[in-house]
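Participant: Return a 3D structure for these sequence lines:
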Amino acid sequence: MPEARTPAQIEADIARRRSELAVTLDEIGVRMHPSTIIGDAKAKAASKVDHTLGRACAIANRVVSDVRAQFVTDEGVPRLERIVPAAMLAVGVLGLLTASSRRGKDKK
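Facilitator: Now for the predicted structure:
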C-alpha cells in the first residue's frame, strides 16, 4: 500500500504541475501566434526555393559541362569539326529569323 502523502507534499505536487502546465501553455501560445506561423511558412518556402534552385544549378552545370565536352577536348583543345558546323547552323538560323522579321515589317 502506498504511503499517505502529507498536505505539504500534495501542495508541492500541485505547484509543480501548475508550473509545468504554464510552461506548456506558453509554448502552445508561441507556436500558435500568427507571427510564428507566418515565420514557419516563410522558412518552409525559402527552404523549398533553395532546394529547387540548388537542383536547377546542378542540372545547368551538368548541361553546360555536357555541351562543353561536345566542343572542347579533355585537354581544352577546341573541336573545330564540331564548332564550324554548329556556327554555320547558328548563322543560318539567325539569317532566317532576320529575313522573316524584315518581311513581317515590310508587309505592314
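
Participant: any weak-confidence spans in this protein?
Facilitator: 1, 104, 106-108 (pLDDT under 70).

Participant: ok, 90 please
Facilitator: For the chain, applying pLDDT under 90 flags the ranges 1-4, 73-74, 76, 100-108.

Participant: In it, spot the helix with the most residues.
Facilitator: In the chain, taking DSSP state H as the definition, the longest helix is helix 34-71.

Participant: Remind me what that helix packs against, helices and strands.
Facilitator: Here helix 34-71 touches helix 80-107, going by 3 or more C-beta pairs under 8 Å, 6 or more residues apart in numbering; DSSP states H and E. For the C-beta atoms, the positions are set from N, CA and C on the backbone; glycine is no exception.

Participant: list the helices and strands the helix it packs on packs on?
Facilitator: In terms of contacts (3+ C-beta pairs under 8 Å, 6+ apart), helix 80-107 is packed against helix 34-71.

Participant: quick one: the helix it packs on to helix 80-107, angle?
Facilitator: Orientation check (axes from the mean of the first three to the mean of the last three C-alpha atoms, to 10 degrees): helix 34-71 against helix 80-107 gives 120 degrees.

Participant: Find out how far helix 34-71 is from the centre of the chain, if you would.
Facilitator: 4 Å (C-alpha atoms, centre = their mean, to the nearest Å).

Participant: just stretch 7-18 next, same as before
Facilitator: The answer for stretch 7-18 is 50 Å, by C-alpha atoms, centre = their mean.

Participant: Identify all contacting residues around that stretch.
Facilitator: For stretch 7-18, the surrounding residues in contact (C-beta atoms under 8 Å, 6 or more residues apart in numbering) are Arg5.

Participant: What count of nearby residues applies to Val72?
Facilitator: Around Val72 there are 14 other residues, counting by other C-beta atoms under 10 Å.

Participant: mind listing what's buried in stretch 31-43?
Facilitator: For stretch 31-43, a neighbour-count test (16 or more other C-beta atoms under 10 Å) marks nothing as buried.
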